[in-house]
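Enquirer: okay, sequence plus prediction incoming.
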Amino acid sequence: MSIMTDSNHTASCYANTSTPYSYSPGINKVDYSATFSTLGLISNLIAFIVLIKSFKQTKNHSRSFFLIFLGGLVVTDFMGLLVTGSFVISFYVTRVDWSKSDPACHFCNFMGMSMVFYGLSPLLLGATMATQRFIGINHPFASSSKMTKRRTTSMMLMVWFIAGSISLLPLVGFGSYHIQTPGSWCFLNMTPKTSDWGFALLFSLVGLISIATSILLNTVSVVTLLKVYCGAERRQRSRDHEAEMMLQLILIMTIATVCWCPLLIYILMRSLTPPASDGMLLFFIRIATWNQILDPWIYIMIKVCKLRSSLPRQLLPELVLK
């Protein structure tokens, strides 16, 4: 159903949407969105505090670089929930009709850009972290001489720049952002237009390639670590931090794959075939956004497990003295 502006012209972000527009705010949706956003924000805030403490305590260079990447991932997830959640919750609270309050599509375009930016950034960061760990494990001497905190920060900024550049493409005519069912959010369009088709395909392929890169490089890194642990027992202690980082990467990769692949594959299929208004886009988006809630608990739980494992060793000397 098309939404008309007062000037009897259909605004670009409200016309030819890939899913039907339905203005149906509800109080139950406010509760769901508010609870979801609050849980995610608190989780990421706790994780950020945990990472800061770990960064101050670590003496290993490769681990400190890895923690910088994790910090960037937490900040990305936190800001993604804050920005997109604010839009959705404000829609349900104010019950505003975007077609009337935003006829020029400024807010719709901004939310669409935010969805794309905060969607691609974690996937690209995951691939970058997998690449950094692959080099660090398989070529440790080259990695230690070239990797610095400045270079790590530059790599993270480059990831954000790439994701931001992709999100801006609809503003220069390649693709478009449209209102989505039930009218509380905006995302990329998947109608048979050439630019929309190309942009949807680009978003999907960048995400899937990032996940595939993470899976490939992490698998090779894990195999390399297993060989080291099995073949050189004396070096096991020096490689413990590598195992811990790989465990975190594997968990990050697994969550990203489970949460994002359904949406990315759905978009890929819809960009290659005529779009159908089956209402599945919102369902897959909700699954994808769980990535922002589950990610921080990886760092929190690993920190808790480390504290629990070190506690008996700390108490043992006291018990012996007694």
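Expert: Sure, I can see it.
Enquirer: residue 113 touches residue 166, doesn't it?
Expert: No. Assessed by Cβ atoms under 8 Å, residue 113 is found out of contact with residue 166, at 9.4 Å. Bear in mind the C-beta positions are built from the backbone N, C-alpha and C, glycine included.
Enquirer: mind listing the strands for the stretch 51-200 of the chain?
Expert: 177-180, 185-188 (DSSP state E, counting those that start in this stretch).
Enquirer: mind listing what the residue nearest to the spatial centre of the chain touches?
Expert: For the chain, the residue sitting closest to the mean C-alpha position, by Cα atoms, centre = their mean, is residue 122 at 3.3 Å. Residue 122 makes contact with 73, 76-77, 80, 256, 291-292, 295, according to Cβ atoms under 8 Å, 6 or more residues apart in numbering.
Enquirer: which of the residues you listed ranks first by neighbour count?
Expert: residue 292 (30 neighbours; other Cβ atoms under 10 Å).
Enquirer: picking up where we left off before, and the furthest pair within the contacts of residue 122?
Expert: Using Cβ to Cβ, the pair of the contacts of residue 122 lying farthest apart is 80 and 256, separated by 13.3 Å.
Enquirer: if we can go back for a sec, compare the strands of the stretch 51-200 of the chain and give me the one nearest residue 222.
Expert: Once the strands of the stretch 51-200 of the chain are compared by Cβ to Cβ, strand 185-188 is nearest, at 34.2 Å.
Enquirer: who does that closest one pair up with?
Expert: Sheet pairing for strand 185-188, assigned by DSSP bridges, gives strand 177-180 (antiparallel).
Enquirer: tell me the average confidence for the partner strand?
Expert: Average pLDDT, strand 177-180: 86.
Enquirer: what about the residue nearest to the centre of the chain, distance to residue 108?
Expert: In this view, residue 122 and residue 108 are 23 Å apart by Cβ to Cβ, to the nearest Å.
Enquirer: likewise for residue 199?
Expert: 15 Å.
Enquirer: next one: residue 56
Expert: Distance from residue 56 to residue 108, by Cβ to Cβ: 42 Å.
Enquirer: compare the two (neighbour count), which wins?
Expert: Ranked by neighbour count (other Cβ under 10 Å), residue 56 and residue 108 place residue 108 first, with 25 against 9.
Enquirer: who's in contact with the more buried one?
Expert: Here residue 108 is in contact with 13, 98, 102, 177-179, 186 (Cβ under 8 Å, 6+ apart).
Enquirer: try 7 Å this time
Expert: 13, 98, 102, 177, 179, 186 (Cβ atoms under 7 Å, 6 or more residues apart in numbering).
Enquirer: now residue 113
Expert: 167-168.
Enquirer: use 279 as the first number for this chain going forward.
Expert: Will do, 279 is the new start, and the previous item becomes residue 391.
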